[in-house]
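A.B. asks: I would like to see how this sequence folds:
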Amino acid sequence: MESGVKVRVISADASALDLNLWGEIVRYRALLANLVVRDLRLKYRDAFLGFLWSLVLPLFTMLVYYVAFDLILHIGVPNFIAFLVAGLLSWNFFAASVTSSTTVIVDNASLLRKVAFPSQILPVSRVLFHFVQLLLGMLVFLPVILFLSNIQPAWAMLSLLPLLAMHTLFTIGVVLALSVVATLWRDVKHLTEMILPLLFWMTPIVYPLERAPEPIQVIFQLSPLAAYAIAYQDILIRGRLPTSAVMASIVAWALVSLMAGYAIFRRYSTRLVEEL
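C.D. replies: Numbering: from 1, shown residues only. Alright, predicted model coming up:
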């Protein structure tokens, strides 16, 4: 730490800001919005295509999986390209949020030294940054894919909004925990990079759940990521509401993740001053 620099990190346990997470988000909503806009500008600064890269990269990934699984392996999933869009857009949101959260506090150390604000705003801003990209991708890809796949609009598709909310809350909880833990123990960043590909293939994103062997299906169904993937597929591809079991799972996982993530952040955030 630089000598003579007064670190003004306000942790989640600071008595002056003994608010719940939502109170802190509301109070610092302007800062939160500025951080999201700043990250969007920095990501595509000096890039010729600018924000279009947020569409080009997912499109390229989808084409790769489409060629590999549908044209070469003939996986035989109806409306497979729409199936891929529903799975990959939601997965990219979660995976990108998790990956970037492992360095978000260290990356913004200079800001934390200069401005007094709750440090948990940083990981939340990173989730919202990727959420904006998710919305942009859905607004562009989904109408086109649904049209090309001849999937009929259904009232059940309106439940996409609460699903997005639950998915975002779940991701915020995971990111809150990871951001503080990865700051204290830097090996967590590399461990996360190892685990994410495994979680990807354990989630029914490029294949339907019923294609997995039955014993493995039981294990997969315990995964929150599988529950969210199935919910997106039901709503966007099958035009129906998820089953009551899946709905209960996504709500429960969102609440558990958020409470556990915030508790972990509160527990270790007082040690951030030492690390920065």
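A.B. asks: roughly how far apart are Y232 and A182?
C.D. replies: Distance of Y232 to A182, given as CB to CB, to the nearest Å: 27 Å. Backbone N, C-alpha and C define where each C-beta goes, glycine included.
A.B. asks: ditto for A226
C.D. replies: Going from A226 to A182 by CB to CB gives 24 Å.
A.B. asks: then R27?
C.D. replies: Distance, R27 to A182, using CB to CB: 25 Å.
A.B. asks: also F220?
C.D. replies: Going from F220 to A182 by CB to CB gives 26 Å.
A.B. asks: in stretch 29-36, what counts as buried?
C.D. replies: Buried residues in stretch 29-36, counted by 16 or more other CB atoms under 10 Å: 31-32, 35-36.
A.B. asks: got the CA positions of it in CSV?
C.D. replies: Extracted in CSV, the C-alpha atoms of stretch 29-36 (Å, rounded to 0.1, in the frame of the first residue of the first chain):
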residue,chain,number,x,y,z
ARG,A,29,-27.5,3.9,-7.1
ALA,A,30,-25.9,6.9,-9.0
LEU,A,31,-22.4,5.5,-8.3
LEU,A,32,-23.6,2.0,-9.3
ALA,A,33,-25.0,3.4,-12.6
ASN,A,34,-21.7,5.3,-13.3
LEU,A,35,-19.6,2.2,-12.7
VAL,A,36,-21.7,0.1,-15.1
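A.B. asks: and the helices in the protein?
C.D. replies: 21-27, 29-43, 53-65, 80-101, 104-107, 109-114, 121-148, 160-184, 187-201, 214-221, 224-236, 244-268, 272-275 (DSSP state H).
A.B. asks: would CSV of those helices with distance to L71 and mean pLDDT be doable?
C.D. replies: As requested, the helices of the chain are arranged in CSV below (distance: least, CB to CB, whole Å; pLDDT from 0 to 100):
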stretch, distance to L71, mean pLDDT
helix 21-27, 45, 81
helix 29-43, 32, 85
helix 53-65, 10, 76
helix 80-101, 10, 90
helix 104-107, 38, 88
helix 109-114, 47, 80
helix 121-148, 16, 86
helix 160-184, 29, 94
helix 187-201, 20, 92
helix 214-221, 26, 80
helix 224-236, 21, 93
helix 244-268, 30, 92
helix 272-275, 49, 63
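A.B. asks: can you count the residues close to L84?
C.D. replies: Neighbourhood size, L84 [other CB atoms under 10 Å]: 24.
A.B. asks: cool, V115 as well?
C.D. replies: Neighbourhood size, V115 [other CB under 10 Å]: 12.
A.B. asks: so what's the backbone phi/psi at it?
C.D. replies: Backbone torsions of V115, given as degrees, to the nearest 10, read phi -120, psi 140.
A.B. asks: quick one: pLDDT of it?
C.D. replies: pLDDT, V115: 75.
A.B. asks: any idea how far it is from V132?
C.D. replies: 23 Å.
A.B. asks: just A154 next, same as before
C.D. replies: Counting by CB to CB, the gap from A154 to V132 is 26 Å.
A.B. asks: same check, this time on Y228
C.D. replies: 19 Å.
A.B. asks: contacts only, for the residue sitting nearest the centre point of the chain.
C.D. replies: Centrality entry for the chain: nearest residue to the mean C-alpha point is F94, 2.5 Å, by CA atoms, centre = their mean. Listed by CB atoms under 8 Å, 6 or more residues apart in numbering, the contact set of F94 reads 167, 171, 174, 225, 228.
A.B. asks: for T61, same thing?
C.D. replies: T61 neighbours (CB under 8 Å, 6+ apart): 88, 92.
A.B. asks: now do it against G173, distance only.
C.D. replies: Taken as CB to CB, the span from T61 to G173 is 26 Å.
A.B. asks: picking up where we left off before, distance to V256 and neighbour count for the contacts of F94 - can I get that in a markdown table?
C.D. replies: Output for the contacts of F94, formatted as a markdown table (distance: CB to CB, whole Å; neighbours: other CB atoms under 10 Å):
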| residue | distance to V256 | neighbour count |
| --- | --- | --- |
| H167 | 14 | 24 |
| T171 | 13 | 31 |
| V174 | 11 | 21 |
| L225 | 14 | 21 |
| Y228 | 13 | 28 |
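A.B. asks: all set now, cheers.
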